[in-house]
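Enquirer: Curious how this folds, go ahead:
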Amino acid sequence: MTVPGLQIGLLVFPRLTQLDLTGPFEAFARIPDATVHLVAKTMDPITSDVGLILTPTITLAECPDLDVVCVPGGPGINDLLVDDEVLDFLRRQGAKAKWVTSVCSGGLVLGAAGLLNGYKATTHWASAEFLEAFGATRVDARVCVDRNRVTGGGVTAGIDFGLVLTGILAGQKTAERIQLYLEYAPEPPFAAGSPATAPAEVTAAFYAQAAPMLERRAELVATAAARLKVSRS
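Expert: This next block holds a predicted model:
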């Protein structure tokens, strides 16, 4: 059964990957009686990592208590790893929310907030090595459910994540109806969607392009993990 007045909040921030957000949004927004918030530090428009402009619907300060809190990923999560305003918001919401969730590298932000310690989790394959810094157990999967933590893999896995969580929140039949509406029956044109199947030169080209972002991410993960250890001591 759908929970009446279900409150779902998706964090939005500069340089997010829009499909991490819009994939699950398509599912969540079609749950009967659900309200989906796009939550940001301010109401200023947000520009994604490839230039799509998104408009927040509510600020962190004004956001109601959420049943579901979700953090999408993207290059912009690097700054969030040490953003106390965002991390404090996630800790507050995470303490009350029925479901604490993420898509792609957004899982690292949950980790930086101390919300994945002792949980299994997944994230984008290129950032999966960072999960253990936050006390999480890495799982290589499109969607990982561990108690009330639900994490999605990279980018397109956000659609799978959205449908899985919709099934939990509103029942399988509702999730199937939404899947049908979305015509979500993927047949990828190439076998390059995973480093396990992509040609070696394609994987190498990805790493060459992403190297500065990933190097900075590694530094910020180390800083965020150290801050968590200090706060717990």
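
Enquirer: What residues does Val100 make contact with?
Expert: By CB atoms under 8 Å, 6 or more residues apart in numbering, the contact list for Val100 reads Val69, Gln93, Gly94, Leu110, Leu115, Asn148, Arg149, Val150. (Glycine included, C-beta is placed from N, CA and C.)

Enquirer: which stretches of this structure form strands?
Expert: For the chain, the strands defined by DSSP state E cover 7-11, 35-40, 46-47, 53-54, 58-59, 68-71, 99-103, 120-121, 137-138, 143-146, 149-152.

Enquirer: helices and strands around the fourth one, which ones?
Expert: Okay, so that is strand 53-54. Judged by 3 or more CB pairs under 8 Å, 6 or more residues apart in numbering; DSSP states H and E, strand 53-54 is in contact with strand 46-47.

Enquirer: What's the mean pLDDT across the strand it packs on?
Expert: Mean pLDDT, computed over strand 46-47, is 98.

Enquirer: if we can go back for a sec, now the strands of the chain in CSV, with distance to Pro24?
Expert: As requested, the strands of the chain are exported to CSV (distance: least, CB to CB, whole Å):
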stretch, distance to Pro24
strand 7-11, 7
strand 35-40, 9
strand 46-47, 16
strand 53-54, 14
strand 58-59, 17
strand 68-71, 6
strand 99-103, 6
strand 120-121, 16
strand 137-138, 21
strand 143-146, 11
strand 149-152, 8
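
Enquirer: Arg227 is nearest to which of these?
Expert: Across the strands of the chain, Arg227 has its closest neighbour in strand 68-71 (17.6 Å, CB to CB).

Enquirer: which neighbours does that closest one have in its sheet, and in what orientation?
Expert: Sheet pairing of strand 68-71 (DSSP bridges) gives strand 7-11 (parallel), strand 99-103 (parallel).

Enquirer: could you dump the ones you listed to CSV with mean pLDDT?
Expert: Shown next, in CSV, are the strands paired with strand 68-71 (pLDDT from 0 to 100):
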stretch, mean pLDDT
strand 7-11, 98
strand 99-103, 99
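
Enquirer: Let me have the ones you listed in TSV, extended by distance to Tyr119.
Expert: TSV is the format used below for these (distance: least, CB to CB, whole Å):
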stretch	distance to Tyr119
strand 7-11	18
strand 99-103	9
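
Enquirer: show me the contacts for Leu214.
Expert: If you count contacts by CB under 8 Å, 6+ apart, Leu214 has them with Ala126, Ser127, Tyr207.

Enquirer: which one of those has the most neighbours?
Expert: Ser127 (22 neighbours; other CB atoms under 10 Å).
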